[in-house]
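**Q** generate coordinates for the sequence data below:
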Amino acid sequence: MQKYSFFNSVNGDRKYKAEEWAEYFSSFIGNGVFPSPATNLMVQANSNMILTVKAGKAWINGYFFYNTTDTNIQLDTADGVLKRIDRIVIRWSLKNRNIIIAVKKGDYASTPVATDLQRDADIYELAIADVLVNNGVIEIVQSNITDQRYNSHICGIVTQAVQTIDTSQLAAKLEAWFKEYQNLSNLEYQTLLAVFESLKQQGGNEFIALQAWFKDYKTQATAEFSTWFNGLQDVLDTNAETNILNLISALTSKVTMLESMILNDIKTNPYLIRFDNVDGVIANGLWNESLQRIEC
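**A** Below you'll find the model as predicted:
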């Protein structure tokens, strides 16, 4: 069968359907969202469980979609125990003859996955974002929204060529890089925790050692003080005055002897021996009675 389009109608002999126009446009405009501006149909967190789909344009199977203003969509409340992933789509429906923004609610699970897209003769969907709804949350944050507009397998962008640009490899590389960066960051964090734990342990050991040193020092100082104090008690007993005078006398005698050795002018044989007396001692020299010494 040969087909052609489009020509003027003469007496109604050239009538065309919307499908024929869509077929014509789909021959050189691929499915996807328009890449400019960068926020075109971007999904953003708003408040509570409300999301905002930014204004923008898309193309599906030769049909044009235009979200003229930002559109808010409401997600269902979260489960108290399990998680889910809701997929935000641009849905083309031949039966309903429209293209709308819709939410494909995910199944609850401890490790949830996004719902598959429907793509058949009646409905064709483009996924623009996946939203992780954690258990027990009452608000969606931007970090839980995965932008899927540049994933050519489930969405993609419209270009001037017949097909959309294949960004699946770029998306895969970015995802792999992010996971690698996440793993490295977690490894560095664990390493940092280990360092802090090591410092904590080292500091604790050194503190224990310091405590032991202080304890030993206290024991030694106590013993030395006790010895000194006991010796002092021997001097400062009931005869303290007499003991002190004896100590002073002994010290005075020693000082006098040193003075004699140093200050007296002894010309020869300056060796000095002191005696209390010289009874019975035979010595060559002169006995100095006052200084109690033999001077040679």
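
**Q** as a check, name the ranges of all strands in the stretch 51-200 of the chain.
**A** Using DSSP state E, counting those that start in this stretch, the strands of the stretch 51-200 of the chain run over 56-60, 63-67, 71-74, 84-93, 98-104, 123-133, 145-147.

**Q** give me the helices and strands touching the fifth one, please.
**A** The one in question is strand 98-104. strand 63-67, strand 71-74, strand 84-93 (3 or more Cβ pairs under 8 Å, 6 or more residues apart in numbering; DSSP states H and E). All C-beta atoms are positioned from the backbone trio N, CA, C, and that covers glycine.

**Q** again with the second one
**A** In terms of contact count using 3+ Cβ pairs under 8 Å, 6+ apart, strand 63-67 is assigned the packing partners helix 18-26, strand 56-60, strand 84-93, strand 98-104.

**Q** check which strands are paired with it and give the direction for each one.
**A** Here strand 63-67 is paired, per DSSP bridges, with strand 56-60 (antiparallel).

**Q** just the CA trace of the strand it pairs with, in PDB.
**A** C-alpha atoms of strand 56-60 as PDB (Å, rounded to 0.1, in the frame of the first residue of the first chain):
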ATOM      1  CA  GLY A  56       7.700  22.300  29.800                       C
ATOM      2  CA  LYS A  57       7.000  20.400  26.600                       C
ATOM      3  CA  ALA A  58       7.200  16.700  25.400                       C
ATOM      4  CA  TRP A  59       6.600  14.700  22.300                       C
ATOM      5  CA  ILE A  60       5.100  11.200  22.200                       C
END
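
**Q** how about it: buried residues?
**A** Burial within strand 56-60, assessed by neighbour count using 16 or more other Cβ atoms under 10 Å, is assigned to 56, 58, 59, 60.

**Q** now for the strands of the stretch 51-200 of the chain, which one comes closest to residue 44?
**A** strand 145-147 (7.3 Å; Cβ to Cβ).

**Q** which residues are in contact with that closest one?
**A** Strand 145-147 is touched from outside by 42, 43, 44, 45, 51, 128, 129, 130, 131, 132, with contacts defined as Cβ atoms under 8 Å, 6 or more residues apart in numbering.

**Q** go on, stretch 71-82?
**A** 46, 49-53, 55, 84, 86, 88, 101, 103, 105, 108-110, 112, 131, 133-138, 140.

**Q** end-to-end on that stretch?
**A** 28 Å (Cα to Cα, to the nearest Å).

**Q** which SS state does residue 201 fall under?
**A** Following DSSP: H, G, I helix; E, B strand; the rest coil, we place residue 201 in the helix state.

**Q** report the distance from stretch 186-201 to the chain centre.
**A** How far stretch 186-201 lies from its chain's middle: 10 Å, per Cα atoms, centre = their mean, to the nearest Å.

**Q** what's the pLDDT at the residue most central in space within the chain?
**A** Central residue of the chain (Cα atoms, centre = their mean): residue 189, 5.1 Å from the mean position. What the model reports for residue 189 is a pLDDT of 83.

**Q** how far away is it from residue 143?
**A** 18 Å (Cβ to Cβ, to the nearest Å).

**Q** picking that back up, report the two of the buried residues of strand 56-60 separated the most.
**A** Maximum pairwise distance in these, criterion Cβ to Cβ, is 13.3 Å, between 56 and 60.

**Q** any common contacting residues for these two?
**A** Common neighbours of residue 56 and residue 60 (Cβ under 8 Å, 6+ apart) do not exist.

**Q** where does the stretch 101-250 of the chain dip in pLDDT?
**A** Applying pLDDT under 70 to the stretch 101-250 of the chain picks out residues 160-170, 231-241, 243.
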